[in-house]
Structures are given as C-alpha cells and as structure tokens.
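**Q** sequence and predicted structure are below.
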Amino acid sequence: MKLNNQIIIAVDGHSSCGKSTFAKQIAQKLNYIYIDSGAMYRAVAYYAIKNNLVQEKHILVEELIKQLPDIHIRFQRNPDGDLETLLNNENIEEHIRGVAVSELVSEVSKIKEVRAYLVKLQQEMGQHKGIVMDGRDIGTVVFPEAEIKLFMTAQPEVRAKRRYDELIAKGIDVSFESILKNVLERDYNDSNRKESPLIQAEDAVVLDNSNMTIEDQMPWLLDVFKNKNLID
Ligand code: DC
C-alpha cells in the first residue's frame with residue numbers, strides 16, 4: 001500500500017496492548033522503517049548492568065549520564081527480516097527482553113538526560129519520514145508533528161489475560177493476579193513519572209482493542225488513513 005505522502009506514524013499507549021505487533025505490521029504494509037523506542041531504553045539498562053552501574057538494584061545515575069556518549073544504539077535486520085537491537089555493535093536483542101533488564105528499565109526511563117539523548121537519536125531516525133515508531137512519548141515529545149498518532153490501550157484485565165496466556169503457553173508458571181498487578185504497576189509508573197509521562201496527545205486517535213482481534217486493527221487504520229485523506 002502506498003500513502004499519498006511519506007509520513008511519520010507515532011504509536012503510543014499502555015504496555016502489553018500490542019503496540020509493537022501493530023506498529024511492525026503497519027511498517028511492513030507501508031514499506032516503512034519500524035523503530036521500537038522501548039528497545040533503546042532497554043539497551044541503556046543493559047549497558048548499565050554490563051558496566052557495573054547498578055548497585056543494590058539501583059542505577060548509579062551520575063556515572064551513567066557521564067557515559068552516555070559511549071552508548072551507541074542501532075538496529076539491524078536479521079535473516080527473517082526482523083530488526084534486532086545492537087549496542088556498540090553487539091547484538092543484545094536476546095538480553096534486553098529478560099527479567100534483569102525489564103526490572104531496571106523503568107528506572108532508566110525516568111532519567112531526564114537519558115531521555116534527551118535517546119529522543120535526539122529517535123528524531124534523527126525519523127528525519128526522512130517513512131517511519132513507524134512505538135513507545136510512550138512519540139506523539140507528544142519525539143514527533144509532535146507526526147501526521148498520524150495512535151494511542152493504543154485495552155482494559156488492564158484484558159492485557160493481563162493476554163500476557164498470562166502467552167506465558168502459560170511457554171510453560172512459565174505464573175498467577176493471573178501477579179500479572180495483573182504488574183500491568184497496573186507499569187501503567188502507574190508510565191503515567192505518573194515526572195519526565196515525559198505517558199499522556200494521550202490531543203490529536204491522537206485512540207485504539208482500544210479490548211474487544212478487537214489483531215486482524216481487526218488494520219481495516220480500522222485504513223479508515224483513519226481515509227478520513228485524513230492519506231489514501232484515495
Ligand atoms: O515498550 P517497552 O516495555 O519495551 O518499554 C520499556 C520501558 O521503556 C518501559 O518502562 C517504558 C519505557 N519507555 C519510555 O519511557 N519511552 C518510550 N518512548 C519507550 C519506552
């Protein structure tokens with residue numbers, strides 16, 4: 001599919017509501033670049049762990065800020081066509097999805113200087129448009145001029161149930177209550193932090209997929225494109 005103009009698509013919203021799955025699908029359909037901005041925060045958390053900048057589960061913030069210029073993040077396509085995250089030329093994709101990074105990343109994403117550093121990189125990645133980026137502050141801070149801003153959400157219980165089913169299918173023994181608690185905690189942290197909290201941009205289109213399947217989402221987006229005269 002081809003849009004009338006090359007644009008930027010910002011996908012923000014709550015955790016575990018399928019932002020990256022949908023953002024990837026959109027990029028594929030439009031032949032756009034997909035950037036997972038959360039992976040960049042995760043890469044910084046991984047750097048902190050690897051470089052002994054974590055003490056008793058807390059980041060040595062001053063030291064991390066000093067070392068920011070040594071942190072080089074880029075993405076590279078694997079043979080399946082998926083983008084993988086590289087930190088200083090090392091493929092860290094597998095490491096950044098694990099528990100250690102997941103536990104630390106929200107602390108990393110609160111640091112103003114880290115955000116400024118990553119936002120600049122993200123803006124450079126979008127300078128030629130033709131990009132779909134997902135995160136928490138893409139439509140509000142990174143690309144306030146984005147032509148399409150999606151704000152994705154779903155009821156916490158629905159998100160927790162999806163996550164629970166995923167983990168059970170992988171043979172990981174968890175309780176639904178603990179997953180729901182984690183979803184609610186992450187919502188609270190994302191929406192209440194001082195630096196760039198998750199807020200819905202005024203001009204964002206809300207996609208609440210509580211009662212939708214993944215297949216329902218693309219036709220929904222095509223209507224959005226039509227309403228904004230981006231396709232004929
Ligand atoms: O989407 P994710 O779970 O991979 O994001 C990881 C963390 O980074 C999460 O704590 C939210 C934060 N984040 C952010 O603050 N800003 C973004 N643009 C993307 C992610």
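**A** Noted; the coordinates are in hand.
**Q** contacting residues for Phe22?
**A** Contact partners of Phe22, counting by C-beta atoms under 8 Å, 6 or more residues apart in numbering, are Val11, Leu150, Met152, Leu207, Ile214, Gln217. Quick note: C-beta positions are derived from backbone N, CA and C, even for glycine.
**Q** let's see it at 10 Å
**A** Applying C-beta atoms under 10 Å, 6 or more residues apart in numbering, we find Phe22 in contact with 11, 13, 132, 134, 150, 152, 207, 209, 214, 217-218, 220-221.
**Q** can you list the residues of the protein near the ligand?
**A** 15, 37-38, 41-42, 105-106, 109, 135-138, 190 (C-beta under 6 Å from any ligand atom).
**Q** turn those residues into a markdown table, columns for pLDDT.
**A** Output for the residues of the chain next to the ligand, formatted as a markdown table (pLDDT from 0 to 100):
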| residue | pLDDT |
| --- | --- |
| Ser15 | 91 |
| Ser37 | 97 |
| Gly38 | 97 |
| Tyr41 | 98 |
| Arg42 | 97 |
| Val105 | 93 |
| Ser106 | 90 |
| Ser109 | 94 |
| Gly135 | 97 |
| Arg136 | 96 |
| Asp137 | 97 |
| Ile138 | 98 |
| Asp190 | 92 |
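**Q** which pLDDT value belongs to the nearest residue to Lys194 once chain neighbours are set aside?
**A** Distances taken as C-beta to C-beta, 6 or more residues apart in numbering put Lys110 closest to Lys194, at 7.2 Å, once the chain neighbours are dropped. Lys110 is assigned a predicted lDDT (pLDDT) of 94.
**Q** pretty sure Lys110 is touching Ala45, no?
**A** No. Applying C-beta atoms under 10 Å as the test, Lys110 and Ala45 come out as separate, 11.4 Å apart.
**Q** these two: who's more crowded?
**A** Taking neighbours as other C-beta atoms under 10 Å, Lys110 and Ala45 compare with Ala45 leading, 26 against 18.
**Q** what's the separation between the more buried one and Ser102?
**A** Computed as C-beta to C-beta, to the nearest Å, the Ala45 to Ser102 distance reads 8 Å.
**Q** same deal with Asn192?
**A** Asn192 is 19 Å from Ser102, by C-beta to C-beta.
**Q** neighbour count for the two, which is higher?
**A** Between Asn192 and Ser102, counting by other C-beta under 10 Å, Ser102 is the more crowded of the two (14 against 9).
**Q** for the protein, what's the longest helix?
**A** Longest helix of the chain, by residue count under DSSP state H: helix 176-192.
**Q** mind giving me the packing neighbours of that one?
**A** Under the contact criterion of 3 or more C-beta pairs under 10 Å, 6 or more residues apart in numbering; DSSP states H and E, helix 176-192 touches helix 99-108, helix 156-169.
**Q** pLDDT of whichever helix or strand comes after it, averaged?
**A** The helix or strand immediately downstream of helix 176-192 is strand 205-208, counting by DSSP states H and E. Averaged across strand 205-208, the pLDDT comes to 98.
**Q** fine by me, thanks again.
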